[in-house]
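**Q** mind looking at a prediction? Sequence and model below.
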Amino acid sequence: MALRWRGESHMALGMHELKSGPKAAPPVPARQPRTICGDFHMRIARDGTWYYQGSPIGRKELVCLFASVLKREADGSFWLETPVERGRIEVEDAPFVAVELNWGHCCGDGACDSGAPSRRQARQCLTFRTNLDEMVTADEHHPIRVEIDPVTREPRPYVTIRPGLEARISRPVFYELVALAQPETVDGREVMGVWSQGCFFVIDDSPTEESSFEEFDDEVA
């Protein structure tokens, strides 16, 4: 198995070590094929904790390093991919957790050009901070989506961080979104949602159902 611990200072991936120091691995010719290493025995728990062979990875710098080479395939599987090798890891829910929301006003793409009252919230920008301190502003390339259980009405909210990779929105952050929500009509339906960077994101298909957010099950307080 190529992935291995080397004390507590760093973890190595095959021939080229990923280190948290300033030195980067030497460039590898693009024509060199990657080695498929199978399962790296790594897991990202629902609360965002990374584990290796059942033990939590305590160094945040190391976790951030691995997260920077995390990819998701079309079949939904997650892989760590370096220039020379790649291996599968397990992700229980989403690989990141949105733990903070910053609200403000922004301009761009005509968001500040409209004076219509119903478009006032189009000037709003919602920026999320993940558990790995990555910042992302919700827009057309970083959409917010909310899955609603059809039976329990329990919401499961997410925001896209990078293509194919999402952050699960924690309970306190989601409640902040709910506080910012406003009614809109989308495809003839009355919904509740939030604006960011001129885009509207639906967070509840039933604005009259207050119970939608009361049973929000989240392991991250």
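**A** Great, that's in hand. The structure displayed is predicted, hence computed values, not measured ones.
**Q** shaky segments in the protein?
**A** 1-34, 107-122, 206-221 (pLDDT under 70).
**Q** and the residue nearest the centre of it?
**A** Nearest to the geometric centre of the chain sits Ala167, at 2.2 Å (Cα atoms, centre = their mean).
**Q** does that one sit in a helix, a strand or a coil?
**A** Recorded secondary structure, Ala167: strand (DSSP: H, G, I helix; E, B strand; the rest coil).
**Q** export the helix or strand hosting Arg129 to CSV, keeping only CA atoms.
**A** In the assignment (DSSP states H and E), Arg129 maps to strand 124-130. Presented in CSV, the C-alpha positions along strand 124-130 are these (Å, rounded to 0.1, in the frame of the first residue of the first chain):
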residue,chain,number,x,y,z
GLN,A,124,-26.9,40.1,-1.7
CYS,A,125,-23.7,37.9,-1.4
LEU,A,126,-23.5,34.9,0.8
THR,A,127,-20.0,33.7,1.5
PHE,A,128,-19.4,30.4,3.4
ARG,A,129,-16.3,29.3,5.4
THR,A,130,-15.7,25.6,5.5
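**Q** now do that strand and strand 165-169, the angle between them.
**A** 100 degrees (axes from the mean of the first three to the mean of the last three Cα atoms, to 10 degrees).
**Q** other SSEs contacting strand 124-130?
**A** For strand 124-130, the elements it packs on are strand 96-105, strand 135-137, strand 165-169, helix 171-180, strand 189-196, judged by 3 or more Cβ pairs under 8 Å, 6 or more residues apart in numbering; DSSP states H and E. In short, each C-beta sits where N, CA and C put it, glycine included.
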